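1. Predicted model follows, preceded by the sequence.
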Amino acid sequence: MKLTKELQDSYSVQAKNIQAKLQEFAEIPRDFYFYELCFCICTPQSKAANALKVQNQLMEIDYYIDDISPDFILGEKSNYIRFHNQKAINLCRMKLQWKEISDILDSNLSNIEKRNWLFENIRGIGYKESSHFLRNIGYRDLAILDRHILRNLVNCGVFETIPRIANKNQYQAAEKKFMDFADEVNIPMDELDLLFWSNMTGEIIK
């Protein structure tokens, strides 16, 4: 298992930007947490750039305070979100739960326990999106295992083929392999995640 030459070269160039982005996540204002979860609810099977546009529009209309349904934003052609009607419902349900979610974030639960709670209690997000949300508000050492990340891990020899991840045990097993690989190449897992994405897209979004 090792980083490809392309990734090694990319990390030497991108390391400071990647570390700065992770520090930016750690310093995000508490008032933004709600909208970060909105972003993550929108991301499954949709472009991250479109989900970010939706997040920004929800912030502009003060969606957390306003009772307006967000479906018209998610369905706009310029930032189209797949299954936007159902995801709009999920956003409305999450907003009703936000006090409970905030209490969980403030609790003494471990990162893994908080992720598990989010997965079990928030409609429309899985382990990947739960990890993504927590990473975007400053939590570390939680893998965001989408197919793009897994494909990079195959290229690095961590997996022979993209593994099937259909349940909690499979997710955690793949996450452990990712974490072990990060230790082996001496680059934090969170930095590797952003490295993979920046190498694919030419930019670091979140």
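-> Done, it's in.

2. middle-most residue in this structure, spatially?
-> residue 132 (2.1 Å; CA atoms, centre = their mean).

3. I'd like to know which elements the host helix or strand of that residue is packed against.
-> Taking DSSP states H and E as the criterion, residue 132 maps to helix 127-136. With contacts defined as 3 or more CB pairs under 8 Å, 6 or more residues apart in numbering; DSSP states H and E, the packing partners of helix 127-136 are helix 33-42, helix 111-121, helix 168-185. Every C-beta, even on glycine, is put in place using the N, C-alpha and C of the backbone.

4. Alpha carbons only: can I get that helix in PDB?
-> Provided in PDB are the C-alpha atoms of helix 127-136 (Å, rounded to 0.1, in the frame of the first residue of the first chain):
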ATOM      1  CA  TYR A 127     -22.700   7.000   7.900                       C
ATOM      2  CA  LYS A 128     -21.000   8.900   5.000                       C
ATOM      3  CA  GLU A 129     -23.100  12.000   5.400                       C
ATOM      4  CA  SER A 130     -23.000  11.900   9.200                       C
ATOM      5  CA  SER A 131     -19.200  11.700   9.000                       C
ATOM      6  CA  HIS A 132     -19.200  14.500   6.400                       C
ATOM      7  CA  PHE A 133     -21.300  16.800   8.600                       C
ATOM      8  CA  LEU A 134     -19.100  16.200  11.700                       C
ATOM      9  CA  ARG A 135     -15.900  16.700   9.700                       C
ATOM     10  CA  ASN A 136     -17.300  20.000   8.300                       C
END
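
5. Give me the domain ranges for the chain.
-> Domain assignment for the chain, taken from automatic domain parsing, gives 5-25+144-201, 30-136.

6. can I get those domains in a markdown table with mean pLDDT?
-> Below are the domains of the chain laid out as a markdown table (pLDDT from 0 to 100):
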| stretch | mean pLDDT |
| --- | --- |
| domain 5-25+144-201 | 94 |
| domain 30-136 | 95 |
